[in-house]
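1. For reference, the sequence and a predicted model appear below.
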Amino acid sequence: MDLHERSDATSRSQALPEPAAVAAANEFSLRLLRTLPGGEGRLVSPLSLLLALGMTAGGAAGETLAQFENLFGMTEEQLLPTLTAVRTALPEGLRAANGIWFREDLRFQPHGDFLQKNAARVGAALEAAAFDEETLRRINEFVCRHTDGQIPVLLDRLPKETVMVLVNALAFAGLWETPYEAAQLREGVFHAADGPQTVPFLHSREKGYLEHPLATGVVKPYAGGRLAFAALLPKEDAGVEALLQALDGEGLRQLLTRAESCEVDTAIPRFETESGFELSRALQELGLTDAFDPHRADFSRMGHCPDGAAIAIGSVVHKTRLRLDERGTEAAAATAVTMVRMTALRPTEPKTVRLDRPFVYAVVDLWTGMPLFLGVLAQVAGTGASV
């Protein structure tokens, strides 16, 4: 029986995202992860991005909307119930908050229908703002509060032409279903890209095994059984980039929801990581070009400038943080989409999985196969925790 089938089936009567929508969201996440620089690792939150960009897409029309639909792999008619399902079926341990700050003056007038639909669809808090230092403080305070302080500052500034900011903030805290004991924490060698590191490893025997032509992996559940940590270790002759290229959205969904039930001797490095990206260029590389071009962007359903000026996306800022130790996992993500006038900124025998070299990892909703966080660990930073 698949691991996710162990959870209480009666709880699944709530409206979960359709499998096709999950596969499409996974495909978007994988495409984005491939475009980002590697460095010591990279981490994104597909859920946070889907909510923030999904709110933004609700104000797009024409070719701009078509490009959003192509980016997500979903039509608007498919996206809307997906956003609603994501909001109403959040698993235990995960909290999401959405907010929209908007200018309401002679420079810009938001459409009430756009604002109210996002309030109803994803519970977005709405606030008219002056877009001064106080507005910046309130946005960052919203993110800090709803990420449990893990992301204290999301935006450093608000360009003077900003007319709207759409924000998502996520916080996750999950305790392991089977906690580690002191004897299970032992030092080992992690073979990072720039040389070996001696780091603490958490040793256990798990019951969820993942197998892909280019990788093997493990699933370790959090308390409650719905959420789990999943890791895919590329085979020696493959590597992380080859694995990312080989994965697609539906394949990832099926892989994460159909773990083989068998014993797996597992070693996971204790680590923490954080990433911060301005995603404008990456999203344009994925085909979302018109939304950033004030001469081509069509956000006519979002609002209008009485003087006829165009609005476009000025920036998409995305920050994430994740810490894994013997107790469980804490993670947070925040995404801000800023809308600006004209001057848009472009900016059996037990299996063995020893995660001792760069690997792909995720915090995944086993019911849907949607990663809440998806990343690559290329180098281990110590957590400072001890047993």
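-> Yep, that arrived. Numbering: from 1, shown residues only.

2. just the strands in the stretch 51-200 of the chain please.
-> 94-102, 109-110, 125-128, 162-175, 185-192, 195-212 (DSSP state E, counting those that start in this stretch).

3. Mind listing residues that contact the helix or strand just after the longest one?
-> Pointing back at strand 195-212 there. On the C-terminal side of strand 195-212, the closest following helix or strand by DSSP states H and E is strand 215-221. With CB atoms under 8 Å, 6 or more residues apart in numbering as the test, strand 215-221 has contacts from 3, 176-177, 204, 206, 208-211, 227-235, 238, 243, 256, 259, 264, 266, 268, 351, 353, 360, 364, 366. All C-beta spots, glycine's among them, are computed from the backbone N, C-alpha and C.

4. So for strand 215-221, what gets flagged as buried?
-> 215, 216, 217, 218, 219, 220, 221 (16 or more other CB atoms under 10 Å).

5. so which of these comes closest to residue 100?
-> Distance to residue 100, by CB to CB, is smallest for residue 221 among those, at 35.2 Å.

6. in the sheet, who's paired with that closest one?
-> residue 228 (DSSP bridges).

7. any idea how far residue 131 is from it?
-> Here residue 221 is placed at a distance of 44 Å from residue 131 (CB to CB, to the nearest Å).

8. where does the stretch 251-387 of the chain dip in pLDDT?
-> 343-348, 382-387 (pLDDT under 70).

9. how does it look with 90?
-> For the stretch 251-387 of the chain, the stretches with pLDDT under 90 are 294, 306-309, 342-357, 359, 361, 366-372, 379-387.

10. ok, now the stretch 1-150 of the chain?
-> 1-17, 37-41, 80-81, 84-92, 104-107.

11. which stretches of it form helices?
-> 19-35, 46-57, 62-72, 76-88, 112-122, 133-146 (DSSP state H, counting those that start in this stretch).

12. Tell me which of those is the most buried.
-> Of all the helices of the stretch 1-150 of the chain, helix 46-57 carries the top mean neighbour count, a mean of 26, counting by mean count of other CB atoms under 10 Å.

13. Tell me the bridge partners for residue 110.
-> residue 303.

14. Hmm, I typed the wrong one, I wanted residue 261.
-> residue 208.

15. how many neighbours does it have?
-> By the criterion of other CB atoms under 10 Å, residue 261 has 14 neighbours.

16. Tell me who's in contact with the residue sitting nearest the centre point of the chain.
-> Among the residues of the chain, the one closest to the centroid is residue 45, at 1.0 Å (CA atoms, centre = their mean). By CB under 8 Å, 6+ apart, the contact list for residue 45 reads 170, 318, 320, 331, 333, 335, 372, 373, 374.

17. ok, and the closest non-adjacent residue to residue 165?
-> residue 101 (4.6 Å; CB to CB, 6 or more residues apart in numbering).

18. wait, that neighbour sits on residue 124?
-> No - judged on CB atoms under 8 Å, residue 101 makes no contact with residue 124 at a distance of 10.2 Å.

19. right, and the secondary structure at residue 360 would be what?
-> strand (DSSP: H, G, I helix; E, B strand; the rest coil).

20. Give me the distance between the nearest residue to it once chain neighbours are set aside and residue 65.
-> Of all residues not flanking residue 360 in the chain, residue 232 sits nearest, at 4.6 Å (CB to CB, 6+ apart). Separation of residue 232 from residue 65 (CB to CB): 34 Å.

21. Same question for residue 317.
-> 22 Å.

22. How about residue 290?
-> Distance, residue 290 to residue 65, by CB to CB: 9 Å.

23. Report the set of residues contacting both of these two.
-> By CB under 8 Å, 6+ apart, the residues touching both residue 290 and residue 65 are residue 298.

24. quick one on the thing from earlier: who are the neighbours in contact with the residue nearest to residue 360?
-> 210, 212, 215, 216, 217, 243, 255, 359, 360, 361.

25. repeat for residue 55
-> Applying CB under 8 Å, 6+ apart, the residues near residue 55 are 83, 98, 100, 118, 121, 122, 124, 166, 168, 337.

26. Kindly reformat those as TSV containing distance to residue 294.
-> Putting the contacts of residue 55 into TSV (distance: CB to CB, whole Å) gives the following:
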residue	distance to residue 294
83	26
98	25
100	20
118	22
121	26
122	26
124	24
166	17
168	24
337	15
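
27. that older thread, now the residue nearest to the centre of the chain: closest residue in space that isn't a chain neighbour?
-> residue 333 (3.3 Å).

28. do residue 157 as well
-> Nearest to residue 157 is residue 136, by CB to CB, 6+ apart, at 6.9 Å.

29. dump the residue contacts of that neighbour.
-> 155, 157, 158.

30. just residue 330 next, same as before
-> Here residue 330 is in contact with 148, 150, 172, 173, 174, 322, 323 (CB under 8 Å, 6+ apart).

31. By neighbours, which of those residues wins?
-> Within the contacts of residue 330, neighbour counts (other CB under 10 Å) peak at residue 172, which reaches 27 neighbours.

32. quick one: which of the contacts of residue 136 is nearest residue 300?
-> Distances from residue 300 to the contacts of residue 136, taken by CB to CB, are shortest for residue 158, at 23.1 Å.

33. And that closest one, its phi and psi?
-> Main-chain torsions, residue 158, degrees, to the nearest 10: phi -120, psi 110.
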